[in-house]
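Engineer: Build me a model from this:
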Amino acid sequence: LERGYPRQYLDGLALDFLGDNMNMFFYLGETARHYGYDRIPFFISEGFYTGSGRGFNPDRDSELQQSDAYIRGFLRGLALGVERFLASSEVWDNGGDYYLSGYGPVGLCHRAPETNPKPGYPAYATMTLLLDRARFHSALPTGSLNVYLLRFDGRDGPVHVAWTARGRRTLGFAAEGDSPCLTDSQCNDFPLPVSGGRASFEVDETPAWIRHAGRVSDVRAGEAAYDDAPATNARPLAAPAPGGGWLLDTNACEAMEARDMSQPVGVGRFTLGPAEGRTPGSVALAVTLGEQPGVSPHRLRYAALRPATAAPIPPDARAMGVWVYGNGAATVDVELRDSEGETWHTIPGPTGYSFGIQYAGACAFDGWRYLRFPLPPAQRSGKGNSKPDKPFALTGLFIQQYASMLYVNRLEAPPSPTWRIGEVMWE
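Structural biologist: So this is what the prediction gives:
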């Protein structure tokens with residue numbers, strides 16, 4: 001593309017990847033436009049394989065997750081301009097010992113001889129039925145970067161589909177039609193009552209379809225709810241509230257800078273202040289990302305939040321967690337020091353098969369959510385004996401935020417640049 005290959009000799013541009021990395025087509029499109037190749041078709045040449053667990057006993061949770069990943073990926077691919085999904089998923093799982101490989105249980109049905117359907121089989125049938133001869137129209141704003149609502153225009157009018165990247169919540173909207181219905185992933189229809197021209201339903205990570213609603217507008221996402229929660233034996237470890245001795249460290253961190261070459265990071269400009277806490281009368285720490293002219297919105301900004309004195313963690317602790325009120329573009333990782341002075345952290349290393357801002361990544365949540373980190377952490381920094389020697393002490397929280405997130409096919413700033421950090425717990 002950079003060398004100006006003749007457009008008439010290009011049938012299209014394709015990607016080969018594992019899992020749901022459909023966001024890579026956004027970057028492929030930006031690259032093509034940069035070099036003057038507008039309106040060029042996109043294809044998946046191979047990939048998009050998502051396994052559902054292995055063995056003779058079906059895993060219902062993993063099969064539903066597989067189904068959701070496939071359908072959400074196909075929908076986002078259509079929104080990003082993918083015209084052909086070649087070698088994407090399989091009709092049934094592979095047989096023989098290949099079933100035990102990473103490419104084995106990727107089918108919409110179980111392997112021979114019975115080939116019983118998984119949840120993805122009727123979900124795929126539902127999608128292709130409702131989108132037969134339909135064209136992608138737009139991704140509607142929902143007030144949350146974590147809630148997706150796509151509109152397709154078909155033979156019988158608009159068809160909408162909604163889901164969350166994580167968690168569940170109420171989704172309300174104004175409907176033109178007076179008899180909208182909700183169709184689930186298994187093609188079951190449920191009427192949606194309309195009051196004052198508005199309808200609502202609970203949306204979660206499984207795509208749900210809205211039909212006979214006409215043009216949908218004024219979409220409002222309710223407060224998010226997540227299943228993540230502290231263990232019953234969880235105890236407070238620290239509270240990084242204003243005036244509590246916590247300091248902002250804006251020095252470059254080797255572990256953060258080494259995350260992944262295809263996911264650029266850089267030190268951010270943050271300000272701290274007081275905010276309403278998770279429980280009545282409590283105080284949380286408000287974190288706000290400031291403007292940094294000239295810094296790409298695709299760069300993850302970070303800084304370290306450090307207590308004046310390391311907070312000791314009891315030696316019998318098996319996990320720790322942080323309450324975070326997200327804005328859809330931010331998250332935290334933890335840094336610990338063991339009894340031998342070695343540093344351990346939860347910052348992820350390079351992943352491969354990824355590029356840029358990730359769909360449903362660590363930042364993809366808003367509202368209060370409990371982030372749990374098993375102990376000991378898997379990553380370490382610096383020199384030492386390479387053994388996690390208890391007891392640990394909390395030495396920092398790495399705060400991270402994007403200035404904008406990729407919402408289906410466009411960059412969008414979070415509803416607020418401010419998010420909150422609540423209690424730090426140990427379990």
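
Engineer: was I right about Ala329 contacting Ser404?
Structural biologist: Yes: in terms of Cβ atoms under 8 Å, Ala329 counts as a neighbour of Ser404; the distance is 7.3 Å. (C-beta placed from N, C-alpha, C; glycine too.)

Engineer: What confidence value was assigned to Gly95?
Structural biologist: With respect to pLDDT, Gly95 has a value of 86.

Engineer: quick revisit: intersection of neighbour lists for Ala329 and Ser404?
Structural biologist: Residues touching both Ala329 and Ser404 (Cβ atoms under 8 Å, 6 or more residues apart in numbering) are 413-414.

Engineer: Looking at those two, which is more packed in?
Structural biologist: Neighbour count, other Cβ atoms under 10 Å: between Ala329 and Ser404, Ala329 has more, with 29 against 16.

Engineer: ok, now which ones touch that one?
Structural biologist: Contacts of Ala329 (Cβ under 8 Å, 6+ apart): 145, 363, 401-405, 413-414, 419.

Engineer: Kindly reformat these as TSV containing secondary structure.
Structural biologist: What follows is the contacts of Ala329, written out as TSV (DSSP: H, G, I helix; E, B strand; the rest coil):
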residue	secondary structure
Leu145	coil
Cys363	coil
Gln401	strand
Tyr402	coil
Ala403	coil
Ser404	coil
Met405	strand
Ala413	coil
Pro414	coil
Trp419	strand
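
Engineer: Pick out whichever of those sits closest to Leu285.
Structural biologist: Top of the list for closeness to Leu285, among the contacts of Ala329 and by Cβ to Cβ, is Trp419 at 9.6 Å.

Engineer: roughly how far apart are that closest one and Arg372?
Structural biologist: Distance, Trp419 to Arg372, using Cβ to Cβ, to the nearest Å: 18 Å.

Engineer: Between the two, which is the more surrounded one?
Structural biologist: When neighbours are counted by other Cβ under 10 Å, Trp419 and Arg372 differ, and Trp419 comes out ahead with 26 against 15.

Engineer: right, and that one touches Tyr325 too?
Structural biologist: Yes: with contact defined as Cβ under 8 Å, Trp419 reaches Tyr325; the gap is 5.8 Å.

Engineer: for stretch 134-145, the distance to its chain's centre please.
Structural biologist: Relative to its chain's centre, stretch 134-145 lies at 17 Å (Cα atoms, centre = their mean, to the nearest Å).

Engineer: what's next to the helix or strand containing Leu285, contact-wise?
Structural biologist: Taking DSSP states H and E as the criterion, Leu285 maps to strand 283-289. Strand 283-289 is contacted by residues 239-242, 246, 268-278, 301, 305, 323, 325, 330, 399, 401, 403, 417-422 when judged by Cβ under 8 Å, 6+ apart.

Engineer: got the phi/psi numbers for Thr31?
Structural biologist: In terms of degrees, to the nearest 10, the main-chain angles of Thr31 are phi -70, psi -40.

Engineer: and what of His160?
Structural biologist: Dihedral angles for His160 - degrees, to the nearest 10 - are phi -110, psi 150.

Engineer: Then the one 4 residues further on?
Structural biologist: When quoted as degrees, to the nearest 10, the phi and psi of Thr164 stand at phi -110, psi 150.

Engineer: What of Pro122?
Structural biologist: Residue torsions, per degrees, to the nearest 10, at Pro122 are phi -70, psi -30.

Engineer: all strands for the stretch 251-400 of the chain, in order.
Structural biologist: 265-267, 270-276, 283-289, 300-307, 311-312, 319-327, 330-337, 343-345, 366-374, 379-381, 393-401 (DSSP state E, counting those that start in this stretch).

Engineer: For Gly47, find the nearest of the ones you listed.
Structural biologist: The nearest among these, by Cβ to Cβ, is strand 300-307 at 24.7 Å.

Engineer: Tell me what angle that closest one forms with strand 330-337.
Structural biologist: Interaxial angle of strand 300-307 relative to strand 330-337 (axes from the mean of the first three to the mean of the last three Cα atoms, to 10 degrees): 50 degrees.

Engineer: In its sheet, which strands sit next to strand 300-307, and in what direction?
Structural biologist: Sheet pairing of strand 300-307 (DSSP bridges) gives strand 246-249 (antiparallel), strand 265-267 (parallel), strand 393-401 (antiparallel).

Engineer: Now tabulate the ones you listed in CSV and tack on mean pLDDT.
Structural biologist: As requested, the strands paired with strand 300-307 are exported to CSV (pLDDT from 0 to 100):
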stretch, mean pLDDT
strand 246-249, 93
strand 265-267, 96
strand 393-401, 97
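
Engineer: closest one to Ala317 among those?
Structural biologist: The minimum distance between Ala317 and the strands paired with strand 300-307 falls on strand 393-401, with 10.5 Å, by Cβ to Cβ.
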